[in-house]
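Colleague: Requesting a structural model of the entry that follows:
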Amino acid sequence: MKRVRKSWFWMFITVCSVCVFPSSSKTQALPDLIKQLGIEQLARDYLRPGADLLGYSFNSGLYHTAKVEQGFHLWLGLRGVIGYVPQTNKTFIAALPSEFTLLGYPSQISTATIFGGKGAVLHSTNTDGNIHTPDITLPDGTNLRNTFIVLPHATIGSFAATELMVRGIPPVTFDLEIGKISFFGIGIRHCPSRYIELPLDLAVMASMQQFHIGNVMTVTNLNANVHTSLRMMGVSPFAGFGYESYTIDVAYTYVPTDSDLPSELNTPATIALDFRRSNFRMTVGVNITFIPLIDITADYSFDEMNTLTIGAGLTL
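Modeller: Next up, the predicted model:
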């Protein structure tokens, strides 16, 4: 993230220098220029695939069976979620504002997203030697084909065929520059098949999760689903269908440190972006009990970006 921030900061500086000083003696504050030039939209399109995969990953692995055991029980385990990046999410078409095209830059160009390769280089066709129009390199991607996160997960039950799901990690600091990372999720699951004679178990579930990275990012996930599972000796296939949504708020600040820059470009710039998405998800999987009280799970979710979840747990 640090490298991405620096790349965008120097892009801001270059663009502002090109567009303000050659053409006008009237200067503007850097935050106003960022909004005027449409840089925020470029940042949004660049980060969008990362926001999507983060949102879809946190809504994965919410259940591994539709059966709700009677009486008190506690299930403790881990969910490892692999998110897959489609090839179509490696690049995007950057639509450049008119201030660029007036200086000879293209109106749009294909460049890397956060998961892509090399960022595109903007070349100007300007031939006026009195106007400085340098090449502008858009940010490189990470070249990632998938991501991986681990989610501690627990279920507590049951009362009236209903149990509570809890998952999360306490606030912890891995990097002082980023700040504390924390995650918490809660959900409730009810099994109406306890009252109805059915050849399989059926459950409905609703959950809410929230993930924080310092003061930079907040992710809020909502999910409602219905799922079913078959009772078999040691092996329990399951499937589910649900509706989910996420909201991701990103905010970060560039603080210029070059004392040689004009005062107008030494103004800290705060960028605030929000990402919202809602869609349907289908999940299929299998839960295997090797010995009593210990099980492993694997499931695959079909979404805008598919995810594979592998988990293991202990029932107490």
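Colleague: ok, which stretches of the protein are strands?
Modeller: For the chain, the strands defined by DSSP state E occupy 73-84, 91-95, 108-112, 121-122, 136-137, 146-159, 162-175, 179-190, 201-213, 217-229, 235-254, 269-291, 294-302, 307-315.
Colleague: Just tell me which of those strands ends up closest to Asp52.
Modeller: With distances scored as Cβ to Cβ, the stretch of those nearest to Asp52 is strand 269-291 (6.3 Å). (C-beta placed from N, C-alpha, C; glycine too.)
Colleague: so what strands line up beside that closest one?
Modeller: Strand 269-291 sits in its sheet next to strand 235-254 (antiparallel), strand 294-302 (antiparallel), going by DSSP bridges.
Colleague: Okay, buried residues for that strand please.
Modeller: For strand 269-291, the neighbour count (16 or more other Cβ atoms under 10 Å) marks 269, 271, 273, 275, 277, 281, 283, 285-287 as buried.
Colleague: Just give me how far that strand sits from the chain centre.
Modeller: In terms of Cα atoms, centre = their mean, to the nearest Å, the centre of strand 269-291 is set 9 Å apart from its chain centre.
Colleague: Next, the angle from it to strand 217-229.
Modeller: 30 degrees (axes from the mean of the first three to the mean of the last three Cα atoms, to 10 degrees).
Colleague: Let me see the mean pLDDT of strand 269-291.
Modeller: Strand 269-291 carries an average pLDDT of 87.
Colleague: so what pLDDT did Leu103 get?
Modeller: For Leu103, pLDDT reads 80.
Colleague: For it, which non-adjacent residue is closest in space?
Modeller: Leaving out its chain neighbours, the residue that sits closest to Leu103 by Cβ to Cβ, 6 or more residues apart in numbering is Thr133, at 5.2 Å.
Colleague: ok, that neighbour touching Thr101?
Modeller: No: using Cβ atoms under 8 Å, Thr133 makes no contact with Thr101, being 11.6 Å away.
Colleague: Same drill for the two, tell me which one is more crowded.
Modeller: The neighbour comparison of Thr133 against Thr101 (other Cβ atoms under 10 Å) goes to Thr133, with 19 against 13.
Colleague: Please state the backbone phi and psi of that one?
Modeller: Reported as degrees, to the nearest 10, the phi and psi values for Thr133 are phi -130, psi 80.
Colleague: pLDDT below threshold where in this structure?
Modeller: 1-39, 174-178, 253-269 (pLDDT under 70).
Colleague: mind running it again at 80?
Modeller: Applying pLDDT under 80 to the chain flags residues 1-41, 43, 97-100, 127-134, 136-137, 173-179, 193-197, 214-216, 251-272, 292.
Colleague: related to what we said a few turns ago, select, out of the strands of the chain, the one closest to Leu42.
Modeller: strand 91-95 (5.6 Å).
Colleague: follow-up on the earlier one: now do the same contact list for the residue nearest to Leu103.
Modeller: Residues near Thr133 by Cβ atoms under 8 Å, 6 or more residues apart in numbering: 18, 103-105, 124, 126.
Colleague: before we move on, back to that, of the buried residues of strand 269-291, closest to Gly179?
Modeller: Gly179 has its nearest neighbour among the buried residues of strand 269-291 in Ile271, at 16.8 Å by Cβ to Cβ.
Colleague: who does that closest one bridge with?
Modeller: Tyr252.
Colleague: Surely it and Tyr252 touch.
Modeller: Yes: the criterion here is Cβ under 8 Å, and Ile271 meets it with Tyr252 at 5.8 Å.
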